[in-house]
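**Q** turn this into a model:
(2 chains)
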Amino acid sequence: MVLLPDAITSFVSFRKGSMDTRLLKKYAPLYVLITPIIIYFCVFIFYPLSQAFYISIQEFGLLGSSGFVGLDNYYTIFDDSDFLQVIENTIVLSLGITFFGFTLPIIPAIALVEITQMAAKRWFQTLIYLPNLFSWVIIIGIWMTFLSPAGSLNSVLISLGIIDAPILFFANEDYARGMIVFQTVWKDIGYTTVIYFSAILSINTDLYEAAEMDGATVWQKIWNITIPQLYPTMKIVFLITLLGSLRTFDSAYLMSNGLISHKITTLALYVYEQGILEFDLGIANAAGVILLIIAISLALAVQKITRNK
Amino acid sequence: MKKTVLALLTATMAFSSVTMASDVKIMTKVSGGKTAGEHKAFVQVIEKNTGMDVSMVKPGGSYDQVVLTTLASGEKYDLIYSTSKQLEYFIKQKAIMPMNDLIAKSPILSDRNRISQEELDVISRDGKIYGIPNKFEGGTMPVVRADWLEELGMKDPATLDQWYNFFKAAKTKYGAYGISTKGLYDIQPFMSAVGVKAGYVMIDGKRTVPYATDAAAPVYDWFAKLYKEGLLDPNFASNSSSDMTKLFLSDQTATVTYWDAFVGLYNNIRTNQDPKTTFRAKGLAGVPGPDGKIMMRRGDSSIWVIPANARKPENAIKFLEFWHSEPGYLLGTLGIEGIDYNVVDGKYVLTETGKEHGLDHGAPRVTSRNWVNPFGSLPGVDEAEAIVLKHASLEVLPAEWSKTKKILQKYAYRAMLGKVTGAEAVKAMRKDLAKSKLID
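**A** Got it, this is the predicted structure:
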């Protein structure tokens, strides 16, 4: 645990010119171990990012750059009447996915702890994790089959006389965003539940025993012990879910149709449309850089807000 | 370590020399063999007929992405398969070269009996020809259950009221939707009733979008009536081609609006399933407008384009000459001799593989009006094609069309669902189009 800060100190002192060869030699294996990660980040993250920024200030088409255009691509994007709608879609979807994706899994995680019968626990665990194993194509396929006008749900509702005409879940502007949030949360809930479940298992059992001796009810234990003890994990889950939701693409792409696309086109989908469908890599990369700036800003803001909580 | 690097370099150079050595480098989407093995044989047929060493890459999926990343990475191709839909982007970015001079020098490609002027017009801008068609594309049209029309004792519908009556009768008797559609394009045969054309129309030098004019409003209202009465497939906004096909082939809709070629395909599928079937699909013309004129649409063409950075455009032309001559027609339709078909006593006989491949190796119908497929046409195709050739025309679809289409769809679908009236929809369309500077 102490090794790493020392290694960093030795590296910093090496950079400052006061090379401590003894320390460098001592921590050489650590530098070697970390080198592949640094190379990985440089090659697959930092270099592509720098390229994205470079392309965003070029007029860049199919056959490469045809000149420096400064911030013109950014002006073009902000001049695009659709872009504000795209930003709104991204933010609304992101808020929805983050809120429900962050809070709802706490319930099954606590339920898993409370289930004492092993077979039932395993069955529940598998069941809730299962959607996470499916690709988005399968997820959308399942729900489209279930919720289509001729699907099971509409058929049951019509046969029971609850509705007269089928509900168009995938062709209704009012449901479009809700459908994306619902499907994303449904897909990811198992994964997040496992994270919360692991965190709950690591809570000191003495706390629960002490509470029991004080006569605390189950709800009081959950509210006063489990939830507060989960705060550090919740911070991480919140950040992961928020950043992941900003990249919403697959679900929006697969669900998109003429009626609802203006409600669910996210920044990631906008980048795809500009870059792949319209072959305008300058605009696509400028939009990508904007998405990156939003993501970094939000991540920093979340870190600042949650740092002391 | 040195040895490994050396081996990698040698392998890279060897690979480069293989691709560099080829006389023509082509990227294709649908034209080619159905499997890796067959594709190899497919390329060998081209090599045998053209005398060139051919490198023909056929990516497995995400074709547009592959084209984009390949070209953007600087890789050079002599010929690329694309569609007329993407032409505007290619031209805008000067990514492809005009082919007028190359075509003029080619007796085959300048033969208008092989490639009609109309086909070339699809891929020409300001007199410059930017591609060569891959195949005959036809157009979209209402495809109806002709057997149901007969059973119902009805004539081919020719007005919106007659169509409505047919849809209603089909729903009553067969419990099927009257019509299933996909996308805004598909309503053109009915927009024809009010003399409205898809895409852009220039009037006095100004860009107008007929689907957003007051003239189009009654047709949106007509669709809303169909939807309200359960005659229109409610999935129309999210339908895929296969969804429509499934409904049509399973007797769940009386009409679909789709390509003329599919008339034959539908008939063929049902006949193969049950040789005694009464099922009969038939392509019909759109509804005549106030002046009696029928306005249908030609589809997006699949085309071959030469990238601006091509090394050997003249060799791309050699391939295209082969593709648009008899050996090429046989390869694009029937496939490879010995694999897809054999010639027995001067007669063409399909192998089992050939039957599976359904006479389609990238160009099921060739552009030549003179060449006759040894197996003829599928039932109903020739009649449907004749209707398209008589009434269909191309739309003007500039690069900004993708944005325009989104606005049109948003309000058109709302109107078709009866959420707003046709008049309100077209008014909102015009407002948004003007705001986005998409009309003048």
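**Q** how about the closest residue to chain A within chain B, what does it touch?
**A** Relative to chain A, the nearest point of chain B is B:Q409 (2.9 Å; Cβ to the nearest Cβ). The way it works is simple: take the backbone N, C-alpha and C, and place the C-beta from them, glycine included. By Cβ atoms under 8 Å, 6 or more residues apart in numbering or on different chains, the residues touching B:Q409 are A:G258, A:L259, A:S261, B:G183, B:L184, B:A237.
**Q** report pLDDT for the fourth one.
**A** B:G183 is assigned a predicted lDDT (pLDDT) of 78.
**Q** is it correct that it is in contact with A:G258?
**A** Yes. The criterion here is Cβ atoms under 8 Å, and B:G183 meets it with A:G258 at 6.9 Å.
**Q** name the residues of chain B found near chain A, please.
**A** Chain B comes close to chain A at residues B:64-65, B:68, B:71-72, B:74, B:86, B:89-90, B:92-95, B:183-184, B:230, B:234-238, B:307-309, B:399, B:402-403, B:405-406, B:409-410, B:412-414, B:417, B:432, B:435-436, as judged by Cβ under 8 Å from any Cβ of the partner chain.
**Q** gap between the residue of chain B closest to chain A and B:A212?
**A** Counting by Cβ to Cβ, to the nearest Å, the separation of B:Q409 from B:A212 is 11 Å.
**Q** which one of the contacts of B:Q409 sits closest to B:E424?
**A** The shortest approach to B:E424 among these belongs to A:L259, at 15.7 Å (Cβ to Cβ).
**Q** from B:D432, how far out is that closest one?
**A** Noted for A:L259: a distance of 15 Å to B:D432, by Cβ to Cβ.
**Q** now do A:I57
**A** For A:I57, the distance to B:D432 (Cβ to Cβ) stands at 30 Å.
**Q** more neighbours: which of these two?
**A** A direct count of neighbours by other Cβ atoms under 10 Å in any protein chain shown for A:I57 and B:D432 places B:D432 higher, at 22 against 19.
**Q** state whether the more buried one is indeed within a strand.
**A** No. When classified by DSSP: H, G, I helix; E, B strand; the rest coil, B:D432 is found to be helix rather than part of a strand.
**Q** spit out the contact partners of the residue lying closest to it once chain neighbours are set aside.
**A** Closest residue to B:D432 apart from its sequence neighbours, by Cβ to Cβ, 6 or more residues apart in numbering or on different chains: B:I407 at 4.7 Å. Contact partners of B:I407, counting by Cβ under 8 Å, 6+ apart, are B:A212, B:M429, B:D432, B:L433, B:S436, B:L438.
**Q** is the nearest residue in space to the fourth one that is not next to it in sequence part of a helix or strand, or is it coil?
**A** Using Cβ to Cβ, 6+ apart and skipping residues adjacent in sequence, the residue nearest B:L433 is B:I439, 4.5 Å away. Classification of B:I439 by three-state DSSP places it in coil.
**Q** from memory B:I439 sits against B:Y211, does it?
**A** No. Between B:I439 and B:Y211 there is no contact under Cβ under 8 Å: 11.2 Å.
**Q** list the buried residues of stretch A:109-125.
**A** Buried residues in stretch A:109-125, counting neighbours by 16 or more other Cβ atoms under 10 Å in any protein chain shown, are found at A:A109, A:I110, A:L112, A:V113, A:I115, A:K121, A:F124, A:Q125.
**Q** what of stretch B:361-369?
**A** For stretch B:361-369, by 16+ other Cβ under 10 Å, it's B:H361, B:G362, B:A363, B:P364, B:R365, B:V366, B:T367, B:S368.
**Q** does the second one touch B:G33 like I think?
**A** It refers to B:G362. No. Under the criterion of Cβ under 8 Å, B:G362 makes no contact with B:G33, lying 9.5 Å away.
**Q** what about residue 139, how many neighbours?
**A** Picking chain A for this. If we define neighbours as other Cβ under 10 Å, then A:I139 has 19 of them.
**Q** sorry, should have said chain B
**A** Around B:G139 there are 24 residues (other Cβ under 10 Å).
**Q** check what pLDDT it gets.
**A** Here the pLDDT value assigned to B:G139 is 88.
**Q** tell me the contacts of it?
**A** By Cβ under 8 Å, 6+ apart, the contact set of B:G139 is B:W259, B:D260, B:M296, B:R297, B:R298, B:G299, B:V388, B:A392.
**Q** lowest pLDDT pick from the residues you listed?
**A** pLDDT across the contacts of B:G139 is at its lowest for B:G299, which sits at 76.
**Q** once you drop chain neighbours, what's closest to that residue?
**A** Nearest residue to B:G299 in three dimensions, chain neighbours excluded: B:E137, at 4.8 Å (Cβ to Cβ, 6+ apart).
**Q** wait, that neighbour sits on B:R298?
**A** Yes. B:E137 lies in contact with B:R298 (Cβ under 8 Å); the separation is 6.7 Å.
**Q** one step back: can you tell me which of the contacts of B:G139 has the most neighbours?
**A** Taking other Cβ under 10 Å as the neighbour criterion, B:D260 ranks highest of these with 28 neighbours.
**Q** got phi/psi on that one?
**A** Per-residue torsions, B:D260: phi -60, psi -40 (degrees, to the nearest 10).
**Q** and it, how far is that from B:S106?
**A** Using Cβ to Cβ, we find B:D260 at a distance of 29 Å from B:S106.
**Q** next one: B:A212
**A** Using Cβ to Cβ, one obtains 42 Å as the distance from B:A212 to B:S106.
**Q** and these two? Which one has more around it.
**A** Using other Cβ under 10 Å, the more surrounded residue of B:A212 and B:S106 is B:A212, with 27 against 18.
**Q** neighbours around the residue in the stretch 151-300 of chain A that chain B sits nearest to, how many?
**A** The stretch 151-300 of chain A approaches chain B most closely through A:G258 (2.9 Å), counting by Cβ to the nearest Cβ. By the criterion of other Cβ under 10 Å, A:G258 has 22 neighbours.
**Q** for chain B, give me the ranges with low pLDDT.
**A** Applying pLDDT under 70 to chain B flags the ranges B:1-21.
**Q** how far off centre is the single longest strand found in it?
**A** Identified as the longest strand of chain B according to DSSP state E is strand B:139-145. Strand B:139-145 sits 14 Å away from the centroid of its parent chain (Cα atoms, centre = their mean, to the nearest Å).
**Q** what are the buried residues along it?
**A** Within strand B:139-145, the residues scored as buried using 16+ other Cβ under 10 Å are B:G139, B:T140, B:M141, B:P142, B:V143, B:V144, B:R145.
**Q** what would those residues look like in JSON lines with distance to A:G141?
**A** As requested, the buried residues of strand B:139-145 are exported to JSON lines (distance: Cβ to Cβ, whole Å):
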{"residue": "B:G139", "distance to A:G141": "31"}
{"residue": "B:T140", "distance to A:G141": "26"}
{"residue": "B:M141", "distance to A:G141": "30"}
{"residue": "B:P142", "distance to A:G141": "29"}
{"residue": "B:V143", "distance to A:G141": "26"}
{"residue": "B:V144", "distance to A:G141": "30"}
{"residue": "B:R145", "distance to A:G141": "28"}
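**Q** any idea of the pLDDT on the residue of the stretch 51-200 of chain A found nearest chain B?
**A** As assessed by Cβ to the nearest Cβ, chain B sits closest to A:G61 within the stretch 51-200 of chain A, at 3.4 Å. On pLDDT, A:G61 comes in at 79.
**Q** can you report phi and psi for it?
**A** According to degrees, to the nearest 10, A:G61 has phi -120, psi -150.
**Q** and B:V256, that one's in a helix?
**A** No. The assignment for B:V256 (three-state DSSP) gives strand, which keeps it out of a helix.
**Q** right, and it touches B:V143 too?
**A** Yes. With contact defined as Cβ under 8 Å, B:V256 reaches B:V143; the gap is 5.3 Å.
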